[in-house]
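Chemist: what follows is a predicted structure for the sequence shown.
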Amino acid sequence: MTATPAYAAPSARAPLAPLTIERRAPRERDVLIDILYCGVCHSDIHQARDEWGGSIFPMVPGHEIVGRVAAAGASVSKFAVGDVVGVGCFVDSCRECPQCRAGEEQYCDQGMTGTYNGRERDTGAPTYGGYSTRIVVDEDYVLRIPDGIPLERAAPLLCAGITTYSPLRHFGVKPGDTVAVVGLGGLGHMAVKLARAMGAEVTVLSTSPAKREDALALGANDFLSTREEGAFRANAGRFDFIVDTVSAQHDYNAYLGLLKVDGTMVLLGVPDAPTPLGAFPLIGRRRRLAGSMIGGIRETQEMLDFCAEHGVASDVEVIGIAEINQAYERMLAGDVRYRFVIDIASLRDG
Ligand SMILES: [Zn+2]
Ligand SMILES: [Zn+2]
């Protein structure tokens, strides 16, 4: 066991504060990673405040981790000391169910083991995330960060990047397709960049007209203010694919009307109440409404390599760990372009 400086939520109602946690000694197939950067995801806030229920406290959030391998167990074959690596939303799964065998561990029948707010499969010990100076992970759940992506800008790819990449690939978005991205936050800005890099024609849909300039600067071809009178009617049947990143409640039926025949809308956000859905918007144009959750290890590696090849990275604001509580408040106010990333050196020195 290694005493490790971290920042933790002591309970659902308390701000995050320093805490020393214990990391297990690396086992045969484990790598010990010195964490350099950790992105701050909206789900960190949801779980630290127990908004989804079942949270384990104290909680060390963080599942957009980039670091350097500091030690490797005797049987580790994929990584060596000094390698720059990443850890995303999960650190283990059953490895035997159909999804695990297919490399889609996020849909494991026994449930993936979350990087934090989860329990180790063998010991039942709580897992602690990336708001800490080091982490120990089985090599099968570790990603290689390719050269060419600035490390602080690579961290959010481990959740926001794969969450948007996976559905774009799964549903076969191809050059020339018309893609709408609903919401321009941490997920939305990655969806714009990735869909453009895949050759799609991208339109950002947002309730705030002030985001037009940002959307175009990120590479979007067009912007649509959904508050504008008649916007939905004027754009009916326009898109092949809609990536819906919004987690505030909104009317799916209206957005479905923007799809072409055989178009697909995929939900990535989780509103806190169910949304009524009519059959007509689906039936009349053979449309599909789908959901998607992060991506498997193999696909996450593919995404990282794709990003390096196409010069795609997250737009980030780097903060020190002491600013984390303020960062949460700013995220809730939509005041970040587009991801906070913690420089973990601030936790090492502090
Ligand atoms: Zn996340
Ligand atoms: Zn499984």
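Modeler: Done, it's in. Ligands and ions are numbered 1, 2, ... in the order given.
Chemist: need the residues of the protein near ligand 1, please.
Modeler: By Cβ under 5 Å from the ion, the residues of the chain that approach ligand 1 are 41, 43, 159. For glycine as for every other residue, the C-beta is placed from the backbone atoms N, C-alpha and C.
Chemist: okay, now the second one: neighbour count?
Modeler: When you say that, I think you mean Ser43. 20 (other Cβ atoms under 10 Å).
Chemist: which one of the residues of the chain next to ligand 1 sits closest to ligand 2?
Modeler: Cys159 (19.8 Å; Cβ to the ion).
Chemist: quick check, pLDDT for the closest one.
Modeler: pLDDT recorded at Cys159 is 98.
Chemist: residues in contact with it?
Modeler: By Cβ atoms under 8 Å, 6 or more residues apart in numbering, the residues touching Cys159 are 39, 41, 43, 63-64, 88-89, 294.
Chemist: out of the residues you listed, which sit inside helices?
Modeler: Using DSSP state H, the members of those that fall in helices are Ser43.
Chemist: before we move on, back to that, for Ser132, state which of the residues of the chain next to ligand 1 is nearest.
Modeler: Checking the residues of the chain next to ligand 1 against Ser132 with Cβ to Cβ, the nearest one is Cys41 at 15.3 Å.
Chemist: show me the longest strand that occurs in the protein.
Modeler: For the chain, the strand that runs over the most residues, judged by DSSP state E, is strand 30-40.
Chemist: not including adjacent chain positions, what is the nearest residue to Ala12?
Modeler: Asp50 (3.8 Å; Cβ to Cβ, 6 or more residues apart in numbering).
Chemist: mind checking how far the longest strand of the chain is from the chain centre?
Modeler: On the basis of Cα atoms, centre = their mean, to the nearest Å, strand 30-40 is displaced by 16 Å from the centre of the chain it belongs to.
Chemist: distance to Gly257 for the residues of the chain next to ligand 1 - can I get that in CSV?
Modeler: CSV is the format used below for the residues of the chain next to ligand 1 (distance: Cβ to Cβ, whole Å):
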residue, distance to Gly257
Cys41, 31
Ser43, 29
Cys159, 30
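Chemist: pick the one among the residues you listed closest to Val261.
Modeler: The closest of those to Val261 turns out to be Cys159 (Cβ to Cβ; 33.0 Å).
Chemist: next, see if stretch 118-138 gets close to ligand 2.
Modeler: No - using Cβ under 5 Å from the ion, stretch 118-138 stays clear of ligand 2, coming no nearer than 10.3 Å.
Chemist: pull out the buried residues from that stretch.
Modeler: By 16 or more other Cβ atoms under 10 Å, the buried positions in stretch 118-138 come out as 118, 126-138.
Chemist: so what are the sheet partners of the helix or strand encompassing Lys260 and their directions?
Modeler: With elements taken from DSSP states H and E, the one containing Lys260 is strand 259-267. Sheet neighbours of strand 259-267, with direction, are listed as strand 239-244 (parallel), strand 288-291 (parallel) (DSSP bridges).
Chemist: wait, which of these is closest to Glu104?
Modeler: Nearest to Glu104 among those is strand 288-291 (13.7 Å), distances taken as Cβ to Cβ.
Chemist: could you dump that closest one to CSV, C-alpha only?
Modeler: C-alpha atoms of strand 288-291 as CSV (Å, rounded to 0.1, in the frame of the first residue of the first chain):
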residue,chain,number,x,y,z
ARG,A,288,-34.2,5.8,-34.7
LEU,A,289,-33.7,7.1,-31.2
ALA,A,290,-30.6,5.6,-29.5
GLY,A,291,-28.4,5.9,-26.5
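Chemist: other SSEs contacting the longest helix along the chain?
Modeler: In the chain, taking DSSP H as the definition, the longest helix is helix 297-310. Here helix 297-310 touches strand 143-144, helix 160-170, helix 186-197, going by 3 or more Cβ pairs under 8 Å, 6 or more residues apart in numbering; DSSP states H and E.
Chemist: now the helices for the stretch 201-350 of the chain?
Modeler: Using DSSP state H, counting those that start in this stretch, the helices of the stretch 201-350 of the chain run over 212-217, 231-234, 252-256, 280-283, 297-310, 324-332, 345-349.
Chemist: so what's Asn235 up against?
Modeler: With Cβ under 8 Å, 6+ apart, Asn235 has these contacts: 224, 258.
Chemist: so what pLDDT did it get?
Modeler: If you check Asn235, the pLDDT there is 98.
Chemist: that one and Ile242, how far apart?
Modeler: For Asn235, the distance to Ile242 equals 11 Å [Cβ to Cβ, to the nearest Å].
Chemist: shared neighbours, the two?
Modeler: Residues touching both Asn235 and Ile242 (Cβ under 8 Å, 6+ apart): Leu258.
Chemist: tell me the one of the residues of the chain next to ligand 1 nearest Ala248?
Modeler: Distance to Ala248 across the residues of the chain next to ligand 1 (Cβ to Cβ) is lowest for Ser43, with 14.9 Å.
Chemist: model confidence score at that closest one, please.
Modeler: Here the pLDDT value assigned to Ser43 is 95.
Chemist: in a markdown table, list the helices and strands packed on helix 297-310 along with distance to ligand 2.
Modeler: Formatted as a markdown table, these follow (distance: least, Cβ to the ion, whole Å):
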| stretch | distance to ligand 2 |
| --- | --- |
| strand 143-144 | 19 |
| helix 160-170 | 17 |
| helix 186-197 | 25 |
